[in-house]
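Here is a sequence together with a model predicted from it:
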Amino acid sequence: MARISIDEALDRAGTGAFQRRLLGIFGLVWTADAMQVLAVGFTAASIAATFGLTVPQALQTGTLFFLGMLIGAYGFGRLADKVGRRRVLILTVACDAVFGVLSIFAPSFAVLLVLRFLTGIAVGGTLPVDYAMMAEFLPAKSRGRWLVALEGFWAIGTLIVALAAWAASVAGVQDSWRYIFAVTAIPALLGLGLRFFVPESPLYLLRSGRLEEAKTTVNRVLATNGKPALGFEEELVSAPQGVSEGLFSGGLRRRSLLILAIWFLVSVSYYGVFTWMPAKLAGDGFGFVRGYGFLVFVALAQVPGYVLAAYGVEAWGRKPTLVGFCLLSALGCLLFVVSTSDMMVGASLLIMSFALLGTWGALYAYTPELYPTSVRATGMGTAGAMARLGGLVAPSLMALVVSEGLGVAIGLFAGFLVIAAIAAVVIDSETRQVSIA
């Protein structure tokens, strides 16, 4: 009997209709998750008006949301490595949809806080498992490009929530946060039904000893892509693990510490910028750079960032692309610090949006490839938890540092991003076109 590895089978299947469907299903929920995350900044003023609060008090919804994401990312990531990716995905998307819809009708601020916390747990659990699972259905030669494409749906979610907030502002509707939350719930509701059509990861099935199920799933991928199925004489096998299990075991300790540090530093910088930006631009802004309308242009600037990251991770490699975007993000922050005109401020914000989202694209493509199947979802979940920790720290850090001046705060983020670039340089692995075990 001929033995064929999962990587050889996926190379034979290539990328086609199956991966496009998977990208559409995962991308729909990824869009919903981006909208849920960024709704924090777009709804604070309206929530404050509804419940008679200050904006900082209303931003507690964001604090509880990010705390929930931290818990969900770490907990559900570990669970996905134990019970399977598919079950966790269905559960988290269902919770995302249910608690997201209930948030629309919250009768009090206390109830809203609880619902946003629960929604955060669900969203936090969805994000890392999505990426782990998508990576395990892709051949090595094109994995990076497709993973960045999935991350690109974040830009779509950003654009939709910015447009929703802009429309609500122009229309002058009361309790606009309810309408924004309604818009954010729609993709999760649609994505819930579609998730039932996603099979379990063949790599996870192989690692769990479910060989026939793994072969059936691979044959489904082959058939959907118009390729001949594995024959009776072909036995599907997994590649040797190659490293010890455990994120901080000898073989993984260094890369785990470095990649998790990068996630934290990039997250603090990203959320530090994008939690104050909506409120700042909606208020006094920077001369003509003001209002939710400009945020639409900021969201659009993310799209070419993803496109360049998708090209870079395959053409230049994961590490060079990640390092380059970190440094470009730092440059955008420094341009803001030294800006002497509204035009320069606007340009710096667009550069930050372009480069920071390109950084996320490269980071999401690189991270799941650093870990073996047995701990891949755990690794992504832990990375997601570090990102949510950054999201929790960022508003408090902004409040502390911004008293010294907004430029000082943005300059601090530039320093964080340079440190992240240095950390990426010293990671001991480049994973471009490398098979995942």
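Sure, I can see it.

Go ahead and report the secondary structure state at the residue nearest to Phe137 when sequence neighbours are not counted.
Distance criterion Cβ to Cβ, 6 or more residues apart in numbering; nearest residue to Phe137, sequence neighbours excluded, is Leu22 at 6.0 Å. Where C-beta positions appear, they are placed from N, C-alpha and C, glycine not excepted. Counting by DSSP: H, G, I helix; E, B strand; the rest coil, the backbone at Leu22 sits in helix.

List the contacts of Leu22.
Met134, Phe137, Val198 (Cβ atoms under 8 Å, 6 or more residues apart in numbering).

pretty sure the second one is in a strand, no?
Spelled out, it's Phe137. No - judged by three-state DSSP, Phe137 forms no part of a strand; its state is coil.

Distance check, it against Ser339.
44 Å (Cβ to Cβ, to the nearest Å).

Between these two, point out the one with more neighbours.
Neighbour count, other Cβ atoms under 10 Å: between Phe137 and Ser339, Phe137 has more, with 24 against 18.

ok, now how distant is the more buried one from Asp7?
Taking Cβ to Cβ, one finds Phe137 at 12 Å from Asp7.

again, but for Arg318
Between Arg318 and Asp7 the computed distance is 17 Å (Cβ to Cβ).

out of those two, which sits in the busier spot?
Arg318 (27 against 17).

thought that one was touching Pro368?
No - under the criterion of Cβ atoms under 8 Å, Arg318 is not in contact with Pro368, lying 10.7 Å apart.

Could you point out which of the contacts of Leu22 is nearest to Leu350?
Closest approach to Leu350 among these (Cβ to Cβ): Met134, at 28.8 Å.

need the contact list for that closest one.
With Cβ under 8 Å, 6+ apart, Met134 has these contacts: Leu22, Leu23, Phe26, Trp146, Leu147, Leu150.

ok, now Tyr306?
Val148, Ala149, Glu151, Gly152, Ala155, Leu357, Gly358, Gly361.

Which strand or helix spans it?
Assessed by DSSP states H and E, Tyr306 sits inside helix 302-315.

again with Ser353
Element membership of Ser353 [criterion: DSSP H and E] is helix 342-366.

got the angle between that helix and helix 302-315?
On the basis of axes from the mean of the first three to the mean of the last three Cα atoms, to 10 degrees, helix 342-366 is oriented at 40 degrees to helix 302-315.

If you count neighbours, what's buried in helix 342-366?
Neighbour counts over helix 342-366 (16 or more other Cβ atoms under 10 Å) mark 345-366 as buried.

what pLDDT, on average, does it get?
Computed over helix 342-366, the mean pLDDT rounds to 89.

That helix packs against which elements?
helix 143-171, helix 253-282, helix 291-300, helix 302-315, helix 318-338 (3 or more Cβ pairs under 8 Å, 6 or more residues apart in numbering; DSSP states H and E).

Of the ones you listed, which shows the lowest average pLDDT?
helix 291-300 (a mean of 74).

how about the CA coordinates for that helix, as CSV?
Output of helix 291-300 as CSV, limited to C-alpha atoms (Å, rounded to 0.1, in the frame of the first residue of the first chain):
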residue,chain,number,x,y,z
GLY,A,291,-15.9,63.1,11.3
TYR,A,292,-16.8,59.4,10.6
GLY,A,293,-16.5,60.1,6.9
PHE,A,294,-12.7,60.3,7.1
LEU,A,295,-12.7,57.0,8.9
VAL,A,296,-14.2,55.4,5.8
PHE,A,297,-11.0,56.4,3.9
VAL,A,298,-8.9,55.1,6.8
ALA,A,299,-10.7,51.8,6.4
LEU,A,300,-10.2,51.7,2.7
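
list the helices and strands that helix packs on?
With contacts defined as 3+ Cβ pairs under 8 Å, 6+ apart, the packing partners of helix 291-300 are helix 143-171, helix 253-282, helix 342-366.

now these as a markdown table including distance to Thr373?
Formatted as a markdown table, the helices and strands packed on helix 291-300 follow (distance: least, Cβ to Cβ, whole Å):
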| stretch | distance to Thr373 |
| --- | --- |
| helix 143-171 | 14 |
| helix 253-282 | 16 |
| helix 342-366 | 17 |
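
most neighbours per residue, which of those?
With neighbours taken as mean count of other Cβ atoms under 10 Å, the helices and strands packed on helix 291-300 reach their highest mean count in helix 342-366, at a mean of 24.
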